[in-house]
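[1] what follows is a predicted protein model with its sequence.
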Amino acid sequence: MARARLLTSAATATAAGLLLAATAVQPAAALTPVQDPIPVRPGMGFQGLVNGKSVGAAIEMGCFGPITPGQTGHPLAGQYIEADTVVPSATTGGYTGSAGTSLVVSVAGSATGTVQLIGVLNNFYAPLPLPTSITLPCSGTAKVAFSPAPSSPTARDSVVAATLVSQP
């Protein structure tokens, strides 16, 4: 009987040690809490993000072969846009104003200047896939605008400058 108790205690201690070791080697990113979506409401400061960045953002383009001036293509799959809340500022970032309950996201390529709708965000911290159906220049820059809707005199867009990067 004492031997059975000893074996059970040893097995329990071994299992506990393995569990502790497994949790100790988790990467830091796995320990970072995920932000729940927050509804877009009036009076909120925000920043737009393209692939997780508000500065130095890039959009990878599916453009194959040698790139010629004026050539266009489509964004590669797996990219996203998102908006996060920030402390409202009078000079930087976006602001939903007195009426904004959603953000209309559009993109314009520097070479074409054509504005294309990406989608509508009703929540902060809720990524939206970048459509592969839109057409942008294979290289250059694009401006992704996050515009509060409905608009008001106090509403302000957040605009992210993104580099268009050709990917073979």
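    Arrived safely, thanks for sending. What you see is a predicted model, and the numbers here were worked out from it, not measured in a lab.
[2] show me the shaky parts of the protein.
    In the predicted model of the chain, residues 1-33, 111-112, 168 satisfy pLDDT under 70.
[3] domain-wise, how is it divided?
    Domain ranges of the chain: 2-31, 38-167, per automatic domain parsing.
[4] most tightly packed of those domains?
    Highest mean neighbour count among the domains of the chain (mean count of other Cβ atoms under 10 Å): domain 38-167, with a mean of 17. All C-beta spots, glycine's among them, are computed from the backbone N, C-alpha and C.
[5] work out the gap between that domain and the centre of the chain.
    9 Å (Cα atoms, centre = their mean, to the nearest Å).
[6] okay, now it: how far is its last residue from its first?
    This stretch, domain 38-167, spans 34 Å end to end (Cα to Cα, to the nearest Å).
[7] for the nearest residue to Leu136 once chain neighbours are set aside, what are its contacts?
    In space, Leu136 comes closest to Gly109 once its chain neighbours are excluded; the distance is 4.4 Å by Cβ to Cβ, 6 or more residues apart in numbering. Gly109 makes contact with Thr72, Leu136, Pro137, Gly140, Thr141, Ala142, Leu164 under the criterion Cβ atoms under 8 Å, 6 or more residues apart in numbering.
[8] and with 6 Å instead?
    With contacts defined as Cβ atoms under 6 Å, 6 or more residues apart in numbering, Gly109 is in contact with Leu136, Pro137, Ala142.
[9] please apply the same query to Ile38.
    The neighbourhood of Ile38, defined by Cβ under 6 Å, 6+ apart, consists of Phe124.
[10] which residues does it bridge with?
    Beta bridges link Ile38 to Phe124 when assigned by DSSP bridges.
[11] setting aside sequence neighbours, what's the nearest residue to Asp36?
    Per Cβ to Cβ, 6+ apart, closest to Asp36 is Tyr125, 6.9 Å.
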